[in-house]
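Enquirer: 3D model of this:
(one chain, ligands or ions: 2)
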Amino acid sequence: MSRLVTIVFPNGKKKTQKVPQAEAWNAIIDLIYPEIKPGSIVTLSGPLGAGKTTCVQHLAKTLGGKKLIQSPTFALMRVIPVADNRHGIKRLIHVDAYRIEHDEELRVLDLDEEVTDGKSICVLEWPENVQSWIQKNQTRCIAIYIKV
Ligand SMILES: Nc1ncnc2c1ncn2[C@@H]1O[C@H](COP(=O)(O)OP(=O)(O)OP(=O)(O)O)[C@@H](O)[C@H]1O
Ligand SMILES: [Mg+2]
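Expert: Ligands and ions are numbered 1, 2, ... in the order given. The predicted model follows:
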């Protein structure tokens, strides 16, 4: 089943596009890649099975990552080494906030420090569960909404 994907950029601009199959996420990555730089946060909102982790896989590949992405639901956070020459991104921090109930639970991850080290980006599933952290970092957020 096809997905309808809306991207909201940090400046408020929106773009909506169909992603007709799991292999077609590159169309979305092409749109966000020019806007991503160290310190960027990409949020992925959508129901269970919407394709959030699939989108992260495509992004990691575009950034030169070789490690296969697994869903970090049980690990909360995974760091994927990448090798992006254009923006100098060396780490993709993949966070799955599905099991988080309060923003304070993020504190143990030291996400603020991790994502502002000048060589990392954060990609976060279930941003609804950590709304105040997202709000605090709004200016660096690219939000992706997936409708199934
Ligand atoms: N655009 C798409 N069109 C059709 N199927 C897709 C699309 N994107 C991903 N899928 C398929 O949907 C299924 C779920 O994908 P994925 O695990 O990425 O979802 P998720 O949103 O991360 O799920 P969860 O909420 O469990 O973390 C996979 O079988 C994947 O191949
Ligand atoms: Mg997932």
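Enquirer: per-residue confidence for Pro72?
Expert: On pLDDT, Pro72 comes in at 60.
Enquirer: same check on Ile41?
Expert: On the pLDDT scale, Ile41 is placed at 98.
Enquirer: look up how far Gly88 lies from it.
Expert: Distance of Ile41 to Gly88, given as CB to CB, to the nearest Å: 17 Å. Every residue, glycine included, has its C-beta placed from N, CA and C.
Enquirer: for Thr53, same thing?
Expert: From Thr53 to Gly88 the distance is 25 Å (CB to CB).
Enquirer: ditto for Ile80
Expert: From Ile80 across to Gly88, the span is 16 Å (CB to CB).
Enquirer: and this protein, which of its residues are near ligand 1?
Expert: Neighbours of ligand 1 within the chain, by CB under 6 Å from any ligand atom: 1-3, 19, 21-22, 24, 46, 48-54, 71, 125.
Enquirer: just the ones of those in strands?
Expert: Using DSSP state E, the members of the residues of the chain next to ligand 1 that fall in strands are 3, 19, 125.
Enquirer: who wins for neighbours among those?
Expert: Comparing these by number of neighbours (other CB atoms under 10 Å), Glu125 comes first, having 23 neighbours.
Enquirer: contact partners for it?
Expert: Glu125 is in contact with 44, 52-53, 56, 94-98, counting by CB atoms under 8 Å, 6 or more residues apart in numbering.
Enquirer: what's near enough to touch the residue nearest to Lys37 when sequence neighbours are not counted?
Expert: Closest residue in space to Lys37, ignoring its immediate chain neighbours: His87 at 5.0 Å, by CB to CB, 6 or more residues apart in numbering. His87 sits next to 36-38 when contact means CB under 8 Å, 6+ apart.
Enquirer: okay, and the beta partners of the residue positioned nearest the centre of the chain?
Expert: Most central residue of the chain, judged by C-alpha distance to the mean C-alpha position with CA atoms, centre = their mean, is Val123 at 2.5 Å. On the basis of DSSP bridges, Val123 is bridged to Val42, His94.
Enquirer: try Lys15
Expert: Ile7.
Enquirer: is it in contact with Ile28, as I believe?
Expert: No: taking contacts as CB atoms under 8 Å, Lys15 lies outside contact range of Ile28: 9.0 Å.
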